[in-house]
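Visitor: how would this look folded up:
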Amino acid sequence: MKRYALFLMAATVAGPAIAADAPYSIESRGPMAVDTRLLPSCDSPGLFRRIASGFAHKEREYWDSNLTLTSFEQPVEIGYRPWGMEFIPRRFCQTRAMVSDGTVHDVYYSIGHNTGTLGIVNGVEWCVTGYDRNLAYAPGCRMAAP
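Guide: Presented below is the predicted three-dimensional model:
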């Protein structure tokens, strides 16, 4: 019993020191490794199609509007894994989009590794400034940025 108590005490003292020295990332969790190269870049046409489709659906179904996003320009990455290696890999981006009413708005969007359908595809969250009518990313889409 005495030997077990000494072992437990030594493991408790040594545990935090070992954990603090070793870098930890989500890639090391479980049997499925995360390959962050699979996250598309900010200028991926597939992302723009998903954002445009989601915007048109949201406007039509919830706001009784026929507005659509007609074009995207100047996409830039504004953050990559901003919260550290221990969180799900995410790429944060910003672009300008032309709306079918002729106005141009900033669009903030993020791509998350396996955060989409059933956790097996990359998810995309987005916010078009001026069209966050339910204030999901208020104020002014700031909560969609890192």
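Visitor: what is the longest strand of this structure by residue count?
Guide: strand 69-80 (DSSP state E).
Visitor: contact partners of the following helix or strand past it?
Guide: Later in the chain than strand 69-80, the nearest helix or strand by DSSP states H and E is strand 90-99. Strand 90-99 is contacted from outside by 39-42, 48, 51, 67-82, 104-113, 115, 128, 131, 145-146, using CB atoms under 8 Å, 6 or more residues apart in numbering. Heads up, the C-betas are built off the backbone N, CA and C, glycines and all.
Visitor: can you give the distance of strand 90-99 from its chain's centre?
Guide: Taking CA atoms, centre = their mean, to the nearest Å, one finds the center of strand 90-99 at 12 Å from the center of the full chain.
Visitor: and it, average pLDDT?
Guide: Averaged over strand 90-99, pLDDT sits at 94.
Visitor: what about residue 94, how many residues nearby?
Guide: When neighbours are defined as other CB atoms under 10 Å, residue 94 has 19 of them.
Visitor: so where do the helices sit in the chain?
Guide: Remark: helices assigned in the chain by DSSP state H are 2-21, 45-63.
Visitor: can you say which of the contacts of strand 90-99 are buried?
Guide: 39, 42, 48, 51, 67-69, 72, 75, 78, 81, 105-113, 115, 128, 131, 145 (16 or more other CB atoms under 10 Å).
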